[in-house]
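Asker: What would the 3D arrangement of this be:
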Amino acid sequence: MVKESLCPHSAAESCDQGLRRIGQEHIQNHLPIHLVESSEGKLSLVNRAKIQREFEDWVDQHYHDCQLDMYSQADEEKCFRSQKEKMRYIILSHRWGKDELSFKDLSEAGSISEAEDTSNHKGKDKLIKLCQVANYLGCKYAWMDTVCIDKQSSAELEESIRSMFQWYRDSYACVVHLNETNRKVGEMENDPWFKRGWTLQELLASKSVLFFTRDWKRITRRDNDKIDDAEAKDDCPLMSTIQKITNIPIDDLLDFKPGLYNIGQRMKWASKRETTRVEDMAYSLMGIFDVSIPVVYGDREQAFYRLQVEIMQRCGDWSLFAWEGNEPSPYSSMLAVSPRCFSSKAQSHTSHQYLANQTFALTNYGLRAEVKVYGPDENGDWLAILAQLGPDQHLSIVLEQIGDDEVPQFQRRALSNKKIPSESINTLKRRLILIK
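Answerer: Numbers count the residues shown, from 1 in each chain. Prediction:
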């Protein structure tokens, strides 16, 4: 029997509408496009529309139970809380294998049984194990990139890539499967999971992380592996080991904040990682810097160039230009061709005083900036002094002058390690230059 609401009919209608709005906003903005549902021993794909229908059925049957004398947003959210918990999902972070289950495989099969023999299909076994973890954690849904993205749909693929960071952040827990780690924490260093591009943002984005070995055994017994080892009740040096492997400060590992901070240092975190597609080195960093660029496969190195331009347009951090090597972007000598150029010690400095104007712009003639220029030396080279890192220690780049118009034109040659007395730098005034 449906319980009659204590609130007036008009207020009950408002409650109904408010719940539907909150539910729709949550489903559309905080749930992935597809999820795997575990129900009665069967695993099957569901989409947002199905979850929305189930939620609206619940509203039709139960919203009178709210018993609202006065209608408010707080009342809506209180009524929605129990249903929100039922929509929780866990998410997998893993390295792809040779026989991964695909979206097409599960769609065409309709469902697979959790009791199915998977000895000859590691991808299917991986999905079943993931859903068993979900059931243990009280979650109805699980997300796995190989299964839950319809790569035949370019629109779905792009939304998935753009939303990936947020999906990991919104998950109830991120399950990390280390396929080449047996039991000991010391084995983690050689696991390929730490070398892949996409797993960097998955590690940083997730608020709760659970690490599993190759045979799906927990590495710790913690409710959340993302806590300081000193606060844990065991003697497992998990997070300190991960800090040593990744060179990511422990504060960022435990509570990462996406955005345009310490650009060079964050690029360095990705410098030794790899992706199968060249473009994915850029796309896997969008969430870390909280920027968005169009997802275009076939762009190759241009994707990373576009990422750097987007970062440049939104912040004045000169560490973006503190890369090493002889591999500039084909589109600008000031920008790197890939994150691997950010592997030097120059990116380790997060405390510095900028000496160059933090307002700069990329024009059709090059990077237009006001900097202190020192030189030329005996080789005809100039130094652009960007920041002071310490006494007589500066972040600077070697420039070759290629034009002497009203605004001098230069081309970047290298990152400089030359020490210049601070008193010499202090006497210099900023000059407007163009760097091709």
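
Asker: Give me the number of neighbouring residues for Ser160.
Answerer: 20 (other C-beta atoms under 10 Å). From N, CA and C alone the C-beta is placed, and that goes for glycine too.

Asker: Look up the closest residue to it, ignoring the ones flanking it.
Answerer: The spatially closest residue to Ser160, leaving aside those adjacent along the chain, is Ile149, at 4.8 Å (C-beta to C-beta, 6 or more residues apart in numbering).

Asker: Next, that neighbour: phi, psi?
Answerer: Torsion angles at Ile149 (phi, psi; degrees, to the nearest 10) stand at phi -120, psi 120.

Asker: For it, give me its contacts.
Answerer: With contact set as C-beta atoms under 8 Å, 6 or more residues apart in numbering, Ile149 has these partners: Ile33, His34, Phe103, Glu156, Leu157, Ser160.

Asker: do Ser422 as well
Answerer: Gln388, Pro391, Asp392.

Asker: Put the buried members of these into a PyMOL selection.
Answerer: The PyMOL selection below is limited to those of the contacts of Ser422 classed as buried (16 or more other C-beta atoms under 10 Å):
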select buried, resi 388
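
Asker: Val209: what's it in contact with?
Answerer: Going by C-beta under 8 Å, 6+ apart, Val209 touches Ala173, Cys174, Val176, Leu203, Asn224, Asp225, Lys226.

Asker: For the buried ones among those, write the corresponding PyMOL selection.
Answerer: Burial among the contacts of Val209 is assessed by 16+ other C-beta under 10 Å; the matching PyMOL selection reads:
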select buried, resi 173+174+176+203+225+226
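
Asker: so which of the contacts of Val209 would you say is closest to Arg218?
Answerer: Asp225 (8.6 Å; C-beta to C-beta).

Asker: Can I get the contacts of Val209 in CSV including distance to Met144?
Answerer: What follows is those, written out as CSV (distance: C-beta to C-beta, whole Å):
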residue, distance to Met144
Ala173, 14
Cys174, 12
Val176, 13
Leu203, 17
Asn224, 20
Asp225, 19
Lys226, 20
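
Asker: From the contacts of Ile149, pick the one nearest Asn120.
Answerer: Phe103 (20.6 Å).

Asker: In contact with the closest residue to the closest one other than its chain neighbours, which residues?
Answerer: Closest residue to Phe103 apart from its sequence neighbours, by C-beta to C-beta, 6+ apart: Asp150 at 5.0 Å. Residues in contact with Asp150 (C-beta under 8 Å, 6+ apart) are Ile33, His34, Phe103, Ser107, Glu156, Leu157.

Asker: Now the two most distant members of those residues.
Answerer: Checking the contacts of Asp150 with C-beta to C-beta, the most distant pair is Ser107 and Leu157, at 15.3 Å.

Asker: going on from the strand or helix carrying Val176, what's the next piece of helix or strand?
Answerer: Val176 belongs to strand 173-177 when elements are defined using DSSP states H and E. For strand 173-177, the following helix or strand on the C-terminal side (DSSP H and E) is helix 198-205.

Asker: what angle separates that following helix from strand 173-177?
Answerer: For helix 198-205 against strand 173-177, the angle by axes from the mean of the first three to the mean of the last three C-alpha atoms, to 10 degrees is 140 degrees.

Asker: Now tell me what touches helix 198-205 from outside.
Answerer: Contacts of helix 198-205 (C-beta under 8 Å, 6+ apart): 91, 93, 95, 164-166, 168-169, 174, 176, 193, 209, 242, 246, 248, 252-253, 256, 258, 269-270, 273, 275, 280, 284-285, 287-288.

Asker: let's go with 6 Å and repeat that
Answerer: Helix 198-205 is touched from outside by Ser93, Phe165, Tyr168, Arg169, Trp193, Phe256, Ala270, Arg273, Ser284, Gly287, Ile288, with contacts defined as C-beta atoms under 6 Å, 6 or more residues apart in numbering.

Asker: can you list the residues you listed in a markdown table and add distance to Lys42, pLDDT and neighbour count?
Answerer: Below are these laid out as a markdown table (distance: C-beta to C-beta, whole Å; pLDDT from 0 to 100; neighbours: other C-beta atoms under 10 Å):
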| residue | distance to Lys42 | pLDDT | neighbour count |
| --- | --- | --- | --- |
| Ser93 | 25 | 98 | 25 |
| Phe165 | 31 | 98 | 22 |
| Tyr168 | 26 | 98 | 23 |
| Arg169 | 29 | 98 | 18 |
| Trp193 | 29 | 98 | 20 |
| Phe256 | 36 | 98 | 20 |
| Ala270 | 39 | 97 | 22 |
| Arg273 | 37 | 97 | 19 |
| Ser284 | 33 | 98 | 25 |
| Gly287 | 33 | 98 | 24 |
| Ile288 | 37 | 98 | 22 |
